[in-house]
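Asker: give me the fold of what follows.
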Amino acid sequence: MKRKTVVVGMSGGVDSSVAAWLLQQQGYRVIGVTIQMWHGNELTQEDKNGCCGLSVIEDARRIAQILQIPYYVMDCKRKFKKRVVDYFIEEYLHGKTPNPCIVCNRYVKWEALLQKSIEIKADYIATGHYARIAKLSNGRYAIRNSVTPEKDQTYVLYNLTQKQLAHTLMPVGNYRKKQIREIAEKSGLSMANKHDSQEICFVPDKDYAVFIEKSVGRKMPEGNFVNNEGKILGCHKGIIHYTLGQRRGLGLSMGRRMFVREIRPETNEVVIGEGDEVFSKMLKANHISFMAAPEMDIGKTSYFVSKIRYGHRGIGCLVKRTGLDEIQCIFNESVRAVTPGQAVVFYKGDCVAGGGRIL
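Answerer: Numbering: from 1, shown residues only. Coordinates of the predicted model:
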């Protein structure tokens, strides 16, 4: 019987390396691929080990040699710049808080790996994400929660397509992080204790505001902090420095805790309010995606558990499809800091039902 071939996305980190090893042990013919997404000379020394870092190719190639598997590098820098970096900058300029990992997974990583798998006639692609793939009784594919709750990455994978899921393996999702590191050590993979990559891997020093200003070639204009009635409370240093629910770094002396309640790019204002003013029971979202749940007809409703940010505990909500590309979500109880630009992700049991980008 012919062995199945799988293309594994390798970042040189422990998770993707062990994913390749596990699949090899399961009898697959494994081929390693690193997706080069960012220009190495634009990263600081401290960012060498992120998923876009300087050492990715070197580390991944070393792991491929240890595993004795073929290894390729795909140049996706131009696509990454257009799809992820430009989107990231535009969202902040319009007063939103983007999630670049979600966009990168859907439009860069998965598309590149599938492209390579088609080129070499492979059967599957695989990654080191902490999630699992399930084929449901309704015939649809879905992302399932990882057995490691604190590492679960289903939130950032909600918008993968049925075609992508049908050709994807996620072996790491069946293990806890401690087990993955133990496997790496026992199997002789040299990066067992390598630090996990961090979010916004392409931003030097994690100072995204400086990165944006440098990218657009200008400093963001200062503006006014205002309350909900429009009263000026102080001066802010540019809307890209703020996100909904933020308390620290406002530079206001109000005698009580104040939070960012709204960002108004059209007037260059940041609205400030007290703690209870950053809670809401409803949101709208577009760029909607259905995964475990079949596509809802306009006007139809369904009940899910939803998360409005990575690490959110989840809360019950009634979802109604209100347009071709719009949904409305009404929560069982008020939630804090519903943030435009972030994702709302719906769960049915331990499977991702769908989601969208918060308006």
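
Asker: just list the residues touching residue 259, thanks.
Answerer: Shown in contact with residue 259 (CB atoms under 8 Å, 6 or more residues apart in numbering): 245-247, 272-275, 277-278, 337. All C-beta spots, glycine's among them, are computed from the backbone N, C-alpha and C.

Asker: would you confirm that residue 344 contacts residue 356?
Answerer: Yes: with contact defined as CB atoms under 8 Å, residue 344 reaches residue 356; the gap is 5.9 Å.

Asker: more neighbours, these two?
Answerer: Under the criterion of other CB atoms under 10 Å, the comparison of residue 344 against residue 356 puts residue 344 first, with 30 against 24.

Asker: so the more buried one versus residue 292, what's the distance?
Answerer: 15 Å (CB to CB, to the nearest Å).

Asker: can you select the buried ones from the contacts of residue 259 in PyMOL?
Answerer: Applied in PyMOL, the following selects the buried portion of those according to 16 or more other CB atoms under 10 Å:
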select buried, resi 245+246+272+278+337
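
Asker: just the contacts of residue 259: which are in strands?
Answerer: The members of the contacts of residue 259 that map onto strands under DSSP state E are 272-273.

Asker: what average pLDDT does stretch 302-309 get?
Answerer: The average pLDDT for stretch 302-309 rounds to 97.

Asker: want to try JSON lines for the contacts of residue 259, with distance to residue 266 and pLDDT as columns?
Answerer: Below are the contacts of residue 259 laid out as JSON lines (distance: CB to CB, whole Å; pLDDT from 0 to 100):
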{"residue": "245", "distance to residue 266": "21", "pLDDT": "94"}
{"residue": "246", "distance to residue 266": "20", "pLDDT": "95"}
{"residue": "247", "distance to residue 266": "24", "pLDDT": "93"}
{"residue": "272", "distance to residue 266": "17", "pLDDT": "96"}
{"residue": "273", "distance to residue 266": "19", "pLDDT": "94"}
{"residue": "274", "distance to residue 266": "24", "pLDDT": "92"}
{"residue": "275", "distance to residue 266": "26", "pLDDT": "88"}
{"residue": "277", "distance to residue 266": "21", "pLDDT": "92"}
{"residue": "278", "distance to residue 266": "21", "pLDDT": "94"}
{"residue": "337", "distance to residue 266": "21", "pLDDT": "95"}
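
Asker: ok, so of the contacts of residue 259, who is nearest residue 26?
Answerer: Checking the contacts of residue 259 against residue 26 by CB to CB gives residue 337 as the nearest, at 42.3 Å.

Asker: pretty sure the closest one sits against residue 244.
Answerer: Yes: counting by CB under 8 Å, residue 337 does reach residue 244; the two are 4.7 Å apart.

Asker: list the residues that contact both of those two?
Answerer: residue 278.

Asker: buried residues in stretch 140-157, which are they?
Answerer: Per 16+ other CB under 10 Å, stretch 140-157 contains these buried residues: 140-148, 151-157.

Asker: which residues sit against stretch 287-303?
Answerer: By CB under 8 Å, 6+ apart, the list of residues contacting stretch 287-303 from outside reads 136, 138, 140-143, 158-160, 162, 165, 304, 316-327, 346, 348, 351-357.

Asker: buried subset of those?
Answerer: Among the contacts of stretch 287-303, those buried by neighbour count (16+ other CB under 10 Å) are 140-143, 158-160, 165, 304, 317, 319-321, 326-327, 346, 348, 351-357.

Asker: show me those that map onto strands.
Answerer: 141-143, 304, 317, 319-321, 326-327, 346, 348, 351-357.

Asker: low-confidence regions, the stretch 1-150 of the chain specifically.
Answerer: Residue ranges of the stretch 1-150 of the chain with pLDDT under 70: 1, 39-54.

Asker: how about the helices in it?
Answerer: Here the stretch 1-150 of the chain has its helices, by DSSP state H, counting those that start in this stretch, at 14-25, 56-67, 77-80, 86-93, 100-104, 110-119.
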